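Chemist: got a predicted structure here, sequence first:
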Amino acid sequence: MAETNVSPLDAHLGYWLRFVSNHVSHAFAAKLAGRGVTVAEWVVLRDLYGQDGMAPSLLADRLGMTRGAISKLADRLAAKGLLTQTADPDDRRYQTLALTPEGRALVPDLSALADRNDAEFFGHLDPAERARVEDTLKGVVRRMGLRSVPID
């Protein structure tokens, strides 16, 4: 039987994107774990930062997540004292999610971890290189219509 031409794994750009992404994500997750927060929780905290409150459905839409996922994350963050879930007194089905003072105070620290993680992996790029990489990746996101925020 004749062998077909099979490309090696590392011949694909997706392989290299995943290789880097896995290491960047793992390093960031480890940094966040040291503060008792997961990447998914960080995404929710960061999106609520600066907001007076938000309906879980709106947050789910903004992040491209399911309402069930937002509900689970909100419950975990509330248990950690970082988020409040307030029901509307007139319609208990409607809730508002908001950061507690502790949650608001934590976000800048977690943001600094994100900045440090980014610098560790990409700080060697000059501004023009970084802009090219970012523009290229954002172009793929636009062309493919990608919407959900990466959380794992």
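Modeler: Good, I have the coordinates. Numbers count the residues shown, from 1 in each chain.

Chemist: count the residues that sit near residue 141.
Modeler: 11 (other CB atoms under 10 Å). C-beta here means a position set from N, CA and C on the backbone, and glycine is covered the same way.

Chemist: can you give me phi and psi for it?
Modeler: phi -60, psi -50 (degrees, to the nearest 10).

Chemist: same question, residue 11
Modeler: phi -80, psi -10.

Chemist: repeat for residue 8
Modeler: Torsion angles, degrees, to the nearest 10, at residue 8: phi -70, psi 160.

Chemist: can you pull the pLDDT of the nearest residue to residue 45 once chain neighbours are set aside?
Modeler: Of all residues not flanking residue 45 in the chain, residue 107 sits nearest, at 5.4 Å (CB to CB, 6 or more residues apart in numbering). Looking at residue 107, its pLDDT stands at 98.

Chemist: quick check: residue 107 vs residue 37, distance?
Modeler: From residue 107 over to residue 37 the distance is 10 Å, taken as CB to CB, to the nearest Å.

Chemist: so where's the protein shaky on pLDDT?
Modeler: Scanning the chain for pLDDT under 70 picks out 1-2, 92, 152.
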